[in-house]
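Colleague: Provided below for reference: sequence and predicted model.
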Amino acid sequence: NAGVMQNPRHLVRRRGQEARLRCSPMKGHSHVYWYRQLPEEGLKFMVYLQKENIIDESGMPKERFSAEFPKEGPSILRIQQVVRGDSAAYFCASSPSAGPNQPQHFGDGTRLSIL
Amino acid sequence: TQLLEQSPQFLSIQEGENLTVYCNSSSVFSSLQWYRQEPGEGPVLLVTVVTGGEVKKLKRLTFQFGDARKDSSLHITAAQPGDTGLYLCAGESGAGGTSYGKLTFGQGTILTVHP
């Protein structure tokens, strides 16, 4: 009964490199959400995707950040030309549908460190 | 922009004491979710409250949703060291009748229960 799987758990990049974060939702879940968490803070919504569609990307920076959820395979959060300020924990959550009050199940996150 | 103010930010108490964490907003939410997060892990859903005035109990934890669905509280009775962790409230938007699961998180409350 696998939950939301994120990998890698830890990722170290140098400034200017690209970071790719992967998220496999729970079985049967077709809705994926990405959140970012700074140390000792709450989570900030970034983007909401369904299979092959971006539904809401209002929380994602306009530059350098992109997300996809292809028909096959995991959802990918991609950060190009990373900067020190991108260092954070990135969490993915999934739900079976987007109706009201659907519980979101979170993965254990990817901790991104920028050198 | 919807905001959730969570208080207190830090709480350090002795085993056996009671405590309350508050989550307040000027916005109406279709539901309010409470999560607990351990270091190095993702948030784990504790409860979802949906109806204004709703009260839910989970062992020693009591969750309440305000009548106007703008605020919520978490009360822990006879706290134990195992309750130590980060507690997060999250509101789901959709006051107008539509909701797509985008969660607005409070800043979190770091609870430490000393033996």
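Modeller: Yep, that arrived. Numbers count the residues shown, from 1 in each chain, chains lettered A, B, ... in the order given.
Colleague: ranges for the strands of chain B?
Modeller: Assigned strands in chain B, in chain order: B:5-7, B:10-14, B:19-24, B:31-37, B:44-49, B:55-58, B:61-65, B:71-76, B:85-92, B:103-105, B:109-114 (criterion: DSSP state E).
Colleague: Repeat that for chain A.
Modeller: Going by DSSP E, chain A shows strands at A:5-7, A:10-13, A:19-24, A:31-37, A:43-50, A:53-56, A:65-68, A:75-79, A:88-95, A:105-106, A:110-114.
Colleague: orientation of the last one relative to strand A:19-24 in degrees?
Modeller: The reference is to strand A:110-114. 180 degrees (axes from the mean of the first three to the mean of the last three CA atoms, to 10 degrees).
Colleague: Tell me how far strand A:110-114 lies from the chain's centre.
Modeller: Between the centre of strand A:110-114 and the centre of its host chain there is 12 Å, according to CA atoms, centre = their mean, to the nearest Å.
Colleague: quick one: strands adjacent to it?
Modeller: As defined by DSSP bridges, the strand partners of strand A:110-114 come to strand A:10-13 (parallel), strand A:88-95 (antiparallel).
Colleague: Please apply the same query to the shortest one.
Modeller: Pairing partners of strand A:105-106, with direction, according to DSSP bridges: strand A:88-95 (antiparallel).
Colleague: so the strand it pairs with versus strand A:75-79, what angle?
Modeller: Going by the same axes, to 10 degrees, strand A:88-95 makes 160 degrees with strand A:75-79.
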